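# I would like to see how this sequence folds:
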Amino acid sequence: MQVNGKVVVVTGGGDGIGRQIVTLLLQKGARVAAVDIRQDALDETRASVGGHAERLSTHVADITDRERVFALPAEVEAAHGPVDAIVNNAGVIQPFVRVHELEMETIDRVLAVNLVGPVNVTKAFLPGLMARPEAHILNVSSMGGFLPVPGQAIYTTAKAGVKLFTEALHSELAGTNVGVTVVFPGGVGTRISENSGVEVPGNLSEAEAEKMAARTTSPEEAARIIVGGIEEGAQRVLVGSDAKLMDRLSRLNPKFAAGFITKQMKDLLG
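Numbering: from 1, shown residues only. Coordinates of the predicted model:
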């Protein structure tokens, strides 16, 4: 589905990958509804898109609030007309600790934002999408959606749920006008830790931190790959060389892949 002239909803549109997806969609001629929990973040997105802002609407919403989410389709349609695509991008990570150290309140929040949120948004917009001549659903999972990551067990559980939810949608909607894509980003240089209220452990040396940063994909490149997934009608998209490598390793030797990630997380977990 080519995005030019289409109406696209992007959750988590106030920062990081989401803001870059919004920007690229606007540059490609789409009308965009950016959804985020923070008005100030949405204001920054609007300010960053320059002359394309006339085709952008912003909507403050907590995607775990079902009543609020189900009010969004009418809001977006009033601003732009019928919705042609949704991008479920919003997400938060958990503190870098083991499960027995996590508070249940944190567990509930991470599962709600990362899994229940995309389900809410999909349910709210799916009837309208099915009525369009051509439509698309894109859900952002994670490399952790197919690979165990110690210290992010609840986050990766939620993202694995997004993976299977999206794959099931793809099967259910096969032969219809609605395409479905699941995206697996590896490391991307965003402020997800800060926006999740998570402090990255300080036991990494400056050289180690710089080395990790050098291996991440830029938000701009991630957005290019993700929007490309919509336009190409891809079922499955990997973002970053790390995601591609670990996808291969986890298929060829799951035990080795899990052990490799465990070693990588050692410094973060202490």
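# residue 153 touches residue 97, doesn't it?
No. In this structure, residue 153 is not within contact of residue 97 by Cβ atoms under 8 Å, at 9.4 Å. C-beta here means a position set from N, CA and C on the backbone, and glycine is covered the same way.
# from residue 77, how far off is the residue nearest to residue 52 when sequence neighbours are not counted?
Spatial nearest neighbour of residue 52, excluding adjacent residues (Cβ to Cβ, 6 or more residues apart in numbering): residue 26 at 3.8 Å. Separation of residue 26 from residue 77 (Cβ to Cβ, to the nearest Å): 18 Å.
# who's more crowded, these two?
When neighbours are counted by other Cβ atoms under 10 Å, residue 26 and residue 77 differ, and residue 26 comes out ahead with 22 against 14.
# and that one, what are its phi and psi?
phi -60, psi -40 (degrees, to the nearest 10).
# which residues touch it?
32, 49, 52, 55-56 (Cβ atoms under 8 Å, 6 or more residues apart in numbering).
# name the member of those residues with the most neighbours.
residue 32 leads the contacts of residue 26 on contacts (other Cβ under 10 Å) with 31 neighbours.
# tell me the SS of it?
strand (DSSP: H, G, I helix; E, B strand; the rest coil).
# shouldn't it be in contact with residue 20?
No. Counting by Cβ under 8 Å, residue 32 does not reach residue 20; the two are 11.9 Å apart.
# so how far is the longest strand along the chain from its chain's centroid?
Longest strand of the chain, by residue count under DSSP state E: strand 178-185. With Cα atoms, centre = their mean, to the nearest Å as the basis, strand 178-185 stands 10 Å off its chain's centre.
# from the contacts of residue 26, which is closest to residue 255?
residue 32 (42.9 Å; Cβ to Cβ).
# what residues are bridge-paired with the closest one?
residue 8, residue 56 (DSSP bridges).
# show me what contacts it?
Here residue 32 is in contact with 7-10, 13, 22, 25-26, 55-57 (Cβ under 8 Å, 6+ apart).
# how close does it sit to residue 84?
11 Å.
# common neighbours of those two, please.
The contact lists of residue 32 and residue 84 share 7-8, where a contact means Cβ under 8 Å, 6+ apart.
# thinking again about what came up before, nearest to residue 268, of the contacts of residue 32?
residue 13 (28.3 Å).
# wasn't that closest one part of a strand?
No. Assessed by three-state DSSP, residue 13 does not belong to a strand; its assignment is coil.
# and the residue nearest to it when sequence neighbours are not counted, how many neighbours?
Excluding its sequence neighbours, the residue lying closest to residue 13 (Cβ to Cβ, 6+ apart) is residue 34, at 3.0 Å. Residue 34 has 28 neighbouring residues, counting by other Cβ under 10 Å.
# surely residue 34 and residue 58 touch.
Yes. At 5.1 Å, residue 34 and residue 58 qualify as touching, with contact defined as Cβ under 8 Å.
# shared neighbours, those two?
Listed as contacting both residue 34 and residue 58 by Cβ under 8 Å, 6+ apart are 13, 42, 45-46.
# where does the prediction get shaky in this structure?
190-215, 270 (pLDDT under 70).
# one step back: let me have the contacts of residue 26 in a markdown table, adding distance to residue 125 as columns.
Below are the contacts of residue 26 laid out as a markdown table (distance: Cβ to Cβ, whole Å):
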| residue | distance to residue 125 |
| --- | --- |
| 32 | 14 |
| 49 | 22 |
| 52 | 22 |
| 55 | 19 |
| 56 | 18 |
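# closest one of the residues you listed to residue 122?
For the contacts of residue 26, the nearest to residue 122 is residue 32 (17.8 Å; Cβ to Cβ).
# distance of the closest one from residue 54?
Relative to residue 54, and taking Cβ to Cβ, residue 32 is found at 11 Å.
# residue 110 too?
36 Å.
# neighbour count winner among the two?
residue 110 (26 against 9).
# now do the strands in the protein.
Using DSSP E, strands in the chain cover 7-11, 31-36, 56-60, 85-88, 135-140, 178-185, 236-239.
# show me the contacts for the residue nearest to the spatial centre of the chain.
Residue closest to the average C-alpha location in the chain (Cα atoms, centre = their mean): residue 89, at 2.7 Å. Taking Cβ under 8 Å, 6+ apart as the contact definition, residue 89 lies against 10-13, 17-18, 21, 140.
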